[in-house]
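>>> Provided below for reference: sequence and predicted model.
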Amino acid sequence: MAKSKPIHVAVGVILNSDGAVFISRRHAHLHQGGKWEFPGGKVEAGETVLAALQRELQEECNIAVEQALPLTVIEHDYGDKRVRLDVWQVTSFSGEVKQREGQEWCWVAKHELDAYPFPAANQAIIDCLTQGQI
Ligand SMILES: Nc1nc2c([nH]c(=O)n2[C@H]2C[C@H](O)[C@@H](COP(=O)(O)OP(=O)(O)OP(=O)(O)O)O2)c(=O)[nH]1
Ligand SMILES: [Mg+2]
């Protein structure tokens, strides 16, 4: 049977002035629950990826994204779901970053990211960050 098309997800990498990355922990009951993630969510029909990123980051972490640059697109098959992560680096935003949806969250130094379990699709982004390529 042909699998349904991947879920398109806008994902934001936010760095603070110390070079640390904002991450939060997915609620336990969700797909990939308990894993750490970069903020973001599903791109809705008729919406640009940047608009989805702006909407999700306002909802989830309280910021207005002013400028963001596309980093990479990652396709991954979890078996139960396929995702297409459209990963952007947020280069300018206003507002104070805080988690608004009750998720555990933190700023983590890039070289410490390996200590946090992320969904398998994220590995390429984690590698770029830990190697200082972002
Ligand atoms: N936000 C985010 N999702 C990720 C990451 N890595 C990864 O595999 N995913 C997957 C998990 C989910 O299957 C999908 C995101 O879906 P989601 O359910 O969290 O999307 P959403 O925020 O729009 O949630 P909802 O409105 O449907 O509740 O992408 C990541 O770093 N960040
Ligand atoms: Mg989300």
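Yep, it's here. Numbering: from 1, shown residues only. Ligands and ions are numbered 1, 2, ... in the order given.
>>> OK, contacts around Cys106?
With Cβ atoms under 8 Å, 6 or more residues apart in numbering as the criterion, the residues that contact Cys106 are 22-24. For every residue, glycine as well, the C-beta is placed using N, CA and C.
>>> Local confidence estimate at Ala2?
According to the prediction, Ala2 has pLDDT 53.
>>> Which ones among the contacts of Cys106 lie within strands?
Judged by DSSP state E, strands contain the following of the contacts of Cys106: 22-24.
>>> want to try CSV for those residues, with pLDDT and neighbour count as columns?
As requested, those are exported to CSV (pLDDT from 0 to 100; neighbours: other Cβ atoms under 10 Å):
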residue, pLDDT, neighbour count
Phe22, 98, 23
Ile23, 98, 22
Ser24, 98, 18
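>>> Closest one to Gln123 out of the residues you listed, please.
Out of the ones in strands among the contacts of Cys106, the one with the shortest distance to Gln123 is Ile23. That distance is 14.3 Å, counting by Cβ to Cβ.
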